[in-house]
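Enquirer: the following comprises the amino acid sequence and a computationally predicted model.
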Amino acid sequence: MKILPNNPSIEYLHRAARTLRSKHRSGDPSVVELISHFDTSFQNLQTEQVLLQPFSILDAQRVTARQYGFASWRRLKLFIQKSTQPSADYDPALAEQLTRRNAMRIAMMRRYSPKKAGWFDHLDDFNEESVEMLEAIYDKYGWLGPQIVGREGMEACYWLGINCLKNSQFQYRSAELMREALPLGECYGGYYAVSIDRSLTLSYKPSIFGAFNDFNEHSDRVEYSDNVVDPKNLNKRRAQVGLMNLNKANEEWADMIRQRKAYRYTKDEWQALIRKWALEGGYLAA
């Protein structure tokens with residue numbers, strides 16, 4: 001999922017959509033991968049076929065919106081409006097609290113080495129405190145959209161919550177609140193996709209978007225792709241929430257792991273860790 005620029009404007013994004021349409025009209029092959037994934041009617045077409053298809057400004061706007069995790073241009077516009085226009089519900093103190101706590105989480109992670117198995121276990125106490133804080137916030141506001149805590153506050157809320165794997169009830173609640181926020185333009189689709197897929201995978205149920213991590217036969221870390229609902233239409237669902245094509249995501253994820261020299265679990269180690277999280281978090285009955 002592409003990250004919105006600082007202080008995004010709908011005019012900036014509209015120019016990006018017009019540029020995308022112009023490149024398609026001129027036969028520029030550099031836009032084919034982008035268009036053929038996020039405009040799901042073009043998926044599985046050859047380069048020449050994609051460039052010959054009609055592609056309107058409305059199509060370009062939809063592709064642009066989906067890059068950023070919004071199923072439609074309307075939802076993207078709503079998000080921009082709620083991120084930039086003053087709201088009576090806006091809570092700057094809460095926004096600062098969330099961003100400060102998320103900065104603490106990042107600092108704590110950097111003090112430990114990702115080259116060791118279980119290097120993130122030291123965050124358990126911190127995550128329990130985060131759950132307690134976020135549950136109280138949910139009780140008051142529901143999902144924290146940008147109209148309440150701004151874009152950075154919403155993103156901090158997500159990152160704090162998604163790392164609290166060892167609490168299934170909290171994860172299910174978070175995913176449901178995100179799902180309800182999507183049509184209101186108050187959450188990125190990719191956030192919901194990762195949230196629901198983690199819960200489903202830890203419950204040993206098929207994922208929806210292939211957005212959790214697994215390993216191939218070489219024990220390289222890749223995005224989850226085996227146990228998934230309706231695999232034939234997986235990339236169509238991924239496109240609608242801002243996730244890239246699964247094969248491309250696999251390649252980028254494996255490259256990132258190699259560059260960071262992070263610890264590579266064997267398949268057996270990874271499955272054991274998944275079961276450990278599932279049991280400790282209450283996703284499975286002991």
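Expert: Nice, I can see it. Numbers count the residues shown, from 1 in each chain.
Enquirer: how about the residue nearest to the spatial centre of the chain, secondary structure?
Expert: Centroid-nearest residue in the chain: residue 190, 2.9 Å away (criterion: Cα atoms, centre = their mean). Secondary structure assignment for residue 190 (DSSP: H, G, I helix; E, B strand; the rest coil): helix.
Enquirer: for it, give me the pLDDT.
Expert: Residue 190 carries a pLDDT score of 95 in this model.
Enquirer: apart from its neighbours in sequence, what residue is nearest it?
Expert: residue 1 (3.8 Å; Cβ to Cβ, 6 or more residues apart in numbering). From N, CA and C alone the C-beta is placed, and that goes for glycine too.
Enquirer: what does residue 55 give?
Expert: residue 24 (4.6 Å).
Enquirer: what's the local residue count around the one you found?
Expert: 24 (other Cβ atoms under 10 Å).
Enquirer: pretty sure it sits against residue 30.
Expert: No - with contact defined as Cβ atoms under 8 Å, residue 24 does not reach residue 30; the gap is 10.2 Å.
Enquirer: just to revisit the earlier point, looks like the residue nearest to residue 190 contacts residue 70 (just checking).
Expert: No - at 9.8 Å, residue 1 does not count as touching residue 70 under the criterion of Cβ under 8 Å.
Enquirer: neighbour-wise, which of those two wins?
Expert: The residue with more neighbours, out of residue 1 and residue 70, is residue 70; 28 against 19, by other Cβ under 10 Å.
Enquirer: now do the more buried one, the pLDDT please.
Expert: 97.
Enquirer: all strands for the stretch 151-286 of the chain, in order.
Expert: With strands called from DSSP state E, counting those that start in this stretch, the stretch 151-286 of the chain shows them at 213-215, 221-223.
Enquirer: confidence-wise, which of these is weakest overall?
Expert: Among the strands of the stretch 151-286 of the chain, strand 221-223 scores lowest, at a mean of 51.
Enquirer: how about the helices in the stretch 51-200 of the chain?
Expert: 57-67, 73-84, 92-110, 124-141, 146-162, 168-181, 189-202 (DSSP state H, counting those that start in this stretch).
Enquirer: quick check: the residue nearest to residue 55 is in a helix.
Expert: Yes - membership of residue 24 in a helix is supported by three-state DSSP.
Enquirer: can you get me a residue count around the spatially closest residue to residue 44 that is not a sequence neighbour?
Expert: Leaving aside its sequence neighbours, residue 44 sits nearest to residue 36 (Cβ to Cβ, 6+ apart; 8.0 Å). Residue 36 has 24 neighbours, counted by other Cβ under 10 Å.
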